[in-house]
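Engineer: got a predicted structure here, sequence first:
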Amino acid sequence: TVEMIELLRDRGANVTARDWRGNTPFMGACEEGRAAVVSFLLARGVDPTLRAPGDKTVLHLAAAAHVYRAADQVATLRLLLEDGRVSVDARDSQGRTALWWACRYGRVEAARVLLLEGGADHTVADNRGETPTDAAMLRVVVADDSVQLMKVGARHHGRGGMTVMVSYTECCAVFTSLVL
């Protein structure tokens, strides 16, 4: 909570210290969609440009986060975008953007915010040549997050020993209709 962070900070705790995973408390707040803590720490001068393991930015962490309420994730992303110190199209060690991660994990609201409010480039490919649309192919999520589209088509990706054939064109159409 903000109160706990404030108490620890007032008593000299290092709010930029890294945990066993290599993340700072700010990174953890972004990853957990704790917008109030993110806002508090930004207002007190935390550096949002520090990178997490895998060269991930806080936008990567927030976009891929599994939070219980999409509104918390959206609020966190908006704070980071408004701050403006982290590029919406920054790449991690695999060349992936925050939008790529949001698409990979089916975070439709996060993808909307990154695209429509942050101006993310949906054509940026990672080190393997995969775009955010490619990342969404195995995880095209519709309105209630319960249906996945998997159809036979032109592109394939091996995942966990299973090869799934997915139509790139159909996924692009579904993804575009969901996000835009």
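Structural biologist: Looks like it arrived, so ask away.
Engineer: by contact count, what packs against the longest helix anywhere in the chain?
Structural biologist: Ranked by residue count and defined by DSSP state H, the top helix of the chain is helix 70-83. Using 3 or more C-beta pairs under 8 Å, 6 or more residues apart in numbering; DSSP states H and E, the elements in contact with helix 70-83 are helix 25-31, helix 35-43, helix 58-64, helix 108-112. Every C-beta, even on glycine, is put in place using the N, C-alpha and C of the backbone.
Engineer: what does the first one rub up against?
Structural biologist: Right, helix 25-31. By C-beta atoms under 8 Å, 6 or more residues apart in numbering, the surrounding residues in contact with helix 25-31 are 5, 15-17, 19, 23, 37-38, 41, 46, 48, 50, 52, 58-59, 61-62, 64-65, 76, 80.
Engineer: and the next element down the chain from the longest helix of the chain?
Structural biologist: Next helix or strand after helix 70-83 toward the C-terminus (DSSP states H and E): helix 98-104.
Engineer: and that following helix, how far from the chain's centre?
Structural biologist: Computed by C-alpha atoms, centre = their mean, to the nearest Å, the chain-centroid distance of helix 98-104 equals 6 Å.
Engineer: reformat the helices and strands packed on helix 70-83 as a markdown table; add mean neighbour count and distance to Ala71.
Structural biologist: What follows is the helices and strands packed on helix 70-83, written out as a markdown table (neighbours: other C-beta atoms under 10 Å; distance: least, C-beta to C-beta, whole Å):
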| stretch | mean neighbour count | distance to Ala71 |
| --- | --- | --- |
| helix 25-31 | 24 | 15 |
| helix 35-43 | 19 | 9 |
| helix 58-64 | 29 | 13 |
| helix 108-112 | 22 | 8 |
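Engineer: redo the ones you listed as JSON lines? Include mean pLDDT and distance to Asp121.
Structural biologist: Below are the helices and strands packed on helix 70-83 laid out as JSON lines (pLDDT from 0 to 100; distance: least, C-beta to C-beta, whole Å):
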{"stretch": "helix 25-31", "mean pLDDT": "93", "distance to Asp121": "21"}
{"stretch": "helix 35-43", "mean pLDDT": "93", "distance to Asp121": "24"}
{"stretch": "helix 58-64", "mean pLDDT": "96", "distance to Asp121": "13"}
{"stretch": "helix 108-112", "mean pLDDT": "89", "distance to Asp121": "13"}
